[in-house]
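Novice: With the sequence up front, the predicted model follows.
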Amino acid sequence: MSRAITFLLLFNLFMLAACTSKTVVPPTQDPATYFQEGEKYFAEGDYKQAIAAWDKVRDSYYSPELNALAEFKIAEAHFLAEEYVEAAVAYEAFLKSHPDSPRIPDVLYQLGLSYNHQILAPDQDQTATIYALNAFKTLKERFPKDRRSQEVQLYIDRCLNQLADSELNIGRFYLRSESYSAAINRLDGLLKKYPNYYQRDEAYYYLGQAYLLNGEMDKSMEAFNTLFTDYVGSEYIVDAKEFIEKND
């Protein structure tokens, strides 16, 4: 009898241990619930948790509409969290996956802003400037009646001026390095490519120098005369006249 009781006790202990060792798996929530969780975190400014919740929605493939909305919200959360590289990647992915979405204008606008926040100084790499410009130009060309059209044009103009600034820096560098032909190519190309550049007078000033130092007197005078006649109030006129006198 005592052996039987001992056996039963050992068996019950074994079964209890086996039961308590099992991992309790919480029930999986449906995608709509995860989406609402993301909305709650987003409203609270907890973008990391919002993205995590919407990732679960996206990975569930519950419905094309909910997936697309989750992808858009993920990009938006990255943007508001000032994670502009991640935001740009997410917006680009949305454009590829949902080319006919009614949210395309908003995505293009936000994509442009995401790249705009990554723009570096004119003497550094301008890849982000080019990407921002492409996004804004695409928005303006595809959706000319978009409510943000005037604002988008301002961003386009800023990007173009930024790229022109970069070209001017390169032209000045070549001029200082006595690579006059290279300087001429950059500066002349700048003036042709960016007709609305706000520092065209400075570009003509350096272009006149480059031509003169390269032995092209006629083209030098043409550049300087354009500076003198088209930009009467320019701060570079006095310096240009002094340069001509010094190198005459």
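Specialist: Arrived safely.
Novice: just to confirm, which helix or strand has the residue minimising distance to the centre of the chain in it?
Specialist: Geometric centre of the chain, nearest residue: Tyr115, 1.0 Å, by Cα atoms, centre = their mean. Using DSSP states H and E, Tyr115 falls within helix 104-116.
Novice: any idea of the mean pLDDT for that helix?
Specialist: The pLDDT scores in helix 104-116 average 98.
Novice: Extract the CA atoms of it and return them as PDB.
Specialist: Taking C-alpha atoms only, helix 104-116 is exported to PDB below (Å, rounded to 0.1, in the frame of the first residue of the first chain):
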ATOM      1  CA  ILE A 104       0.300  59.200 -53.900                       C
ATOM      2  CA  PRO A 105       0.300  63.000 -53.800                       C
ATOM      3  CA  ASP A 106       0.800  63.000 -50.000                       C
ATOM      4  CA  VAL A 107       3.500  60.300 -50.300                       C
ATOM      5  CA  LEU A 108       5.400  62.300 -52.900                       C
ATOM      6  CA  TYR A 109       5.200  65.500 -50.800                       C
ATOM      7  CA  GLN A 110       6.300  63.700 -47.600                       C
ATOM      8  CA  LEU A 111       9.100  61.900 -49.600                       C
ATOM      9  CA  GLY A 112      10.300  65.300 -50.800                       C
ATOM     10  CA  LEU A 113      10.400  66.600 -47.200                       C
ATOM     11  CA  SER A 114      12.200  63.500 -46.000                       C
ATOM     12  CA  TYR A 115      15.000  64.100 -48.400                       C
ATOM     13  CA  ASN A 116      14.900  67.800 -47.900                       C
END
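Novice: How far off centre is the following helix or strand past it?
Specialist: From helix 104-116 onward toward the C-terminus, using DSSP H and E, the following helix or strand is helix 127-142. Helix 127-142 sits 9 Å away from the centroid of its parent chain (Cα atoms, centre = their mean, to the nearest Å).
Novice: Now do helix 127-142: everything it contacts.
Specialist: The contact list for helix 127-142 (Cβ atoms under 8 Å, 6 or more residues apart in numbering) reads 88, 104-105, 108-109, 111-113, 115-116, 118-120, 146, 148-149, 152-153, 155-156, 159-160, 162-163, 166. For every residue, glycine as well, the C-beta is placed using N, CA and C.
Novice: mind running it again at 7 Å?
Specialist: 105, 108-109, 111-112, 115-116, 118-120, 146, 149, 152-153, 155-156, 159-160, 162-163 (Cβ atoms under 7 Å, 6 or more residues apart in numbering).
Novice: cool, stretch 52-64 as well?
Specialist: Under Cβ under 7 Å, 6+ apart, the answer for stretch 52-64 is 31, 34-35, 37-38, 41, 66-67, 70-71, 73-74.
Novice: now do stretch 72-84
Specialist: With Cβ under 7 Å, 6+ apart as the test, stretch 72-84 has contacts from 38, 42, 47, 50-51, 54-55, 86-87, 90-91, 94, 103, 110, 114, 117-118.
Novice: what's around Glu151, how many residues?
Specialist: A count of nearby residues for Glu151, using other Cβ atoms under 10 Å, gives 12.
Novice: Where does it fall, secondary structure wise?
Specialist: helix 149-176.
Novice: In the next helix or strand after that helix, which of the residues would be classed as buried?
Specialist: Of the helices and strands lying after helix 149-176 in sequence (DSSP H and E), the nearest is helix 180-193. Neighbour-count burial for helix 180-193 flags 180, 182-184, 186-188, 190-191 (criterion: 16 or more other Cβ atoms under 10 Å).
Novice: Generate a markdown table for these, with pLDDT as supplementary columns.
Specialist: Below are the buried residues of helix 180-193 laid out as a markdown table (pLDDT from 0 to 100):
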| residue | pLDDT |
| --- | --- |
| Tyr180 | 97 |
| Ala182 | 98 |
| Ala183 | 98 |
| Ile184 | 98 |
| Arg186 | 97 |
| Leu187 | 98 |
| Asp188 | 97 |
| Leu190 | 97 |
| Leu191 | 97 |
